[in-house]
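**Q** No letters, just coordinates:
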Ligand SMILES: C[S@@+](CC[C@H](N)C(=O)[O-])C[C@H]1O[C@@H](n2cnc3c(N)ncnc32)[C@H](O)[C@@H]1O
C-alpha cells in the first residue's frame, strides 16, 4: 500500500472520514493511500519535508494521474468476491536500516511524523498466481490473521 504511515497514537481522524483507502497493519499502524483531499495534502507535505540534500526520501508521482512508479499500485487493488477471487495478498515490510538512501525516492510511503526514528512501514503485494498485463488486481480486504 502506498501512502502516509501513521502510528497508532497519531491523529488521522479528519483524513479518515469517508476514506476507503486506509490500510490497517497487524500492529495497528495505519497507511493512508488516498490520493485526494486532505490525505494528498498531508502526503505531499511529508514528502517535501524529508530530504537528504537533493534526494527525496519518498515518491509522490502516485498522486498524479500518470502511473510512473511500478511500486505504487496498492491503492488500485479492489476487494475480491466469489466470482473474482484474490490474485494478490499483502505482506507487511519494514524497510531495513541499510536500505540505499538513493533508492528511497522510489518508495511510495512516508511517515506522518519524523520525530521518532522507526523503520518505514511498507506493504508489498504478493501475486497468488501469474498476473497478466492489464488484469485487475483483487485482494481480500477482510483477511483475518490469527
Ligand atoms: C482502495 S480503493 C480500490 C481502488 C478503487 N477501485 C479505485 O479505482 O480507486 C477501495 C474502493 O474501491 C471500490 N471497490 C473495491 N472493491 C470493489 C469491487 N469488488 N467492486 C466494486 N468496487 C470496489 C470501493 O468503492 C472501495 O471503497
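**A** Noted; the coordinates are in hand. Being a predicted model, the structure only gives us computed values, none of them experimental.

**Q** Tell me the residues of the chain that contact the ligand?
**A** 20-21, 75-76, 78-79, 81 (Cβ under 6 Å from any ligand atom). Every C-beta, even on glycine, is put in place using the N, C-alpha and C of the backbone.

**Q** change it to 5 Å
**A** Contact residues (Cβ under 5 Å from any ligand atom) of the chain with the ligand: 20-21, 78-79.

**Q** And the strands in this structure, which stretches?
**A** If DSSP state E is used as the criterion, the strands of the chain fall at 3-6, 22-24, 30-32, 51-52, 55-56, 78-79, 88-94, 109-111, 121-127, 138-139.

**Q** so can I have a markdown table of these showing mean pLDDT and mean neighbour count?
**A** Output for those, formatted as a markdown table (pLDDT from 0 to 100; neighbours: other Cβ atoms under 10 Å):
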| stretch | mean pLDDT | mean neighbour count |
| --- | --- | --- |
| strand 3-6 | 97 | 26 |
| strand 22-24 | 94 | 17 |
| strand 30-32 | 97 | 23 |
| strand 51-52 | 93 | 12 |
| strand 55-56 | 96 | 14 |
| strand 78-79 | 96 | 12 |
| strand 88-94 | 95 | 15 |
| strand 109-111 | 97 | 26 |
| strand 121-127 | 95 | 16 |
| strand 138-139 | 96 | 18 |
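
**Q** Looking at this protein, which helix is longest?
**A** Looking across the chain with DSSP state H, the single longest helix is helix 37-49.

**Q** which helices and strands does that helix pack with?
**A** strand 3-6, helix 13-16, strand 30-32, strand 109-111 (3 or more Cβ pairs under 8 Å, 6 or more residues apart in numbering; DSSP states H and E).
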